[in-house]
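> turn this into a model:
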Amino acid sequence: MQPTYVLVHGAFANSFSFAPLQAELGLLGHRSVAVDLPGHGFQATFTPAYQSPQDPEGLASAPGSIKGVTLADNAAHLIGILERAKRNGPVILVSHSRGGITATAAANARPDLIDRIVYVSAWCPVRLDVGGYYAEPEMAGVDPAAFASALAGNPADLGLLRVNFRTAHPDALAGFKAAFFADGTDEQFLAFLNTFQPDENLDAGGPADRAQAATWGRIPKTYIRLADDASLPLALQDRLIREGDELTPDNPYEVRTLEGSHLKWLADPAPAARALGELAQGPVTRL
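Residues are numbered from 1 along each chain as shown. Next up, the predicted model:
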């Protein structure tokens, strides 16, 4: 039976970013569903203060619908979609970036709903929480402070993380482009930046949300490395692969590599669509 690809976005993103990839998958004959996690997509908050001319004070204080959303909420929402998709046949769960945390949590809870799990330069914590990995050598070249000029409001006060992606501050724009899409044109970069939403939840999971051998470890898995990713560096991707293989040595990752930055595979999706499509050519077996 034809599988359904369930696509899970990363931080500040939404289902809209998968539209070009879904078009390519569809032209290859594959069925796909792009997920909007709680507080994302048409559930996101776009305050009038975010429009032009912007109101910095209003942007820094306006409430956001994503406040209080937890990783457990994200996982429960995803599980509901996986249950519906599974009625139609095999399911290939594909996550990107921070979406890997939600995919992992769902796989820990309901491995029966997933026939293959795919991480595209995505987080799959094994030995540490996400915050812990940021203190490790593999992330030494990633500077979260590079985005400081675009932060809006105090996360502790807002109960969420808010970034002004519509800023015209040259340092902020240069930092965003270097981190996400250094190999895109300025026009492509700004087009993608305008699909982002300003708010993201604060819950990146804890020890209980790391990959679990007894459940997550039963699912066949693929890791697609992005060779030029500056946001989730290749060294960190390789560490996550290595730790996952050590956790389940009898069920290692199938590893593939695409050239390009953190967002290039979504803006130029044909190579990724072909790689994902190949996963559906043979029978999907569970270990």
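
> make it CA atoms for all contacts and neighbour counts henceforth
Noted.

> quick one: Ala204 and Asp73 touch, right?
No: using Cα atoms under 8 Å, Ala204 makes no contact with Asp73, being 11.7 Å away.

> not counting its own residues, what contacts the lengthiest helix in the chain?
The longest helix of the chain (DSSP state H) is helix 71-86. The contact list for helix 71-86 (Cα atoms under 8 Å, 6 or more residues apart in numbering) reads 4, 6, 35, 37-38, 91, 102-103, 105-106, 110, 113-114, 203-205.

> can you name the element that comes right after that helix?
Counting by DSSP states H and E, the element after helix 71-86 in chain order, helix or strand, is strand 91-97.

> report the rounded mean pLDDT for that following strand.
Over the span of strand 91-97, the pLDDT mean works out to 98.

> and it with helix 71-86, angle?
Strand 91-97 and helix 71-86 are oriented at 150 degrees to each other (axes from the mean of the first three to the mean of the last three Cα atoms, to 10 degrees).

> show me what the helix or strand that strand 91-97 is followed by is packed against.
Sequence-wise, the next helix or strand downstream of strand 91-97 (DSSP H and E) is helix 99-109. Helix 99-109 sits against strand 4-8, helix 71-86, strand 91-97, strand 116-122, with contacts defined as 3 or more Cα pairs under 8 Å, 6 or more residues apart in numbering; DSSP states H and E.

> sorry, back to before: any buried residues in the longest helix of the chain, and which?
Leu71, Asn74, Ala75, Ala76, His77, Leu78, Ile79, Ile81, Leu82, Ala85, Lys86 (16 or more other Cα atoms under 10 Å).

> next, the residue of the chain most remote from its centre: phi, psi?
Most distant residue from the mean C-alpha position of the chain: Pro53, 30.4 Å away (Cα atoms, centre = their mean). Main-chain torsions, Pro53, degrees, to the nearest 10: phi -70, psi 140.

> any regions of this structure where pLDDT drops low?
146, 282-287 (pLDDT under 70).

> so which residues of the stretch 101-250 of the chain form strands?
Taking DSSP state E, counting those that start in this stretch as the criterion, the stretch 101-250 of the chain contains strands spanning 116-122, 161-162, 199-200, 221-226.

> of the ones you listed, which is nearest Asp245?
Closest approach to Asp245 among these is made by strand 221-226 (10.1 Å; Cα to Cα).

> and of the helices and strands packed on helix 99-109, who's closest to Leu151?
strand 91-97 (19.9 Å).

> pairing partners for that closest one, with directions?
Within its sheet, and counting by DSSP bridges, strand 91-97 is paired with strand 4-8 (parallel), strand 116-122 (parallel).
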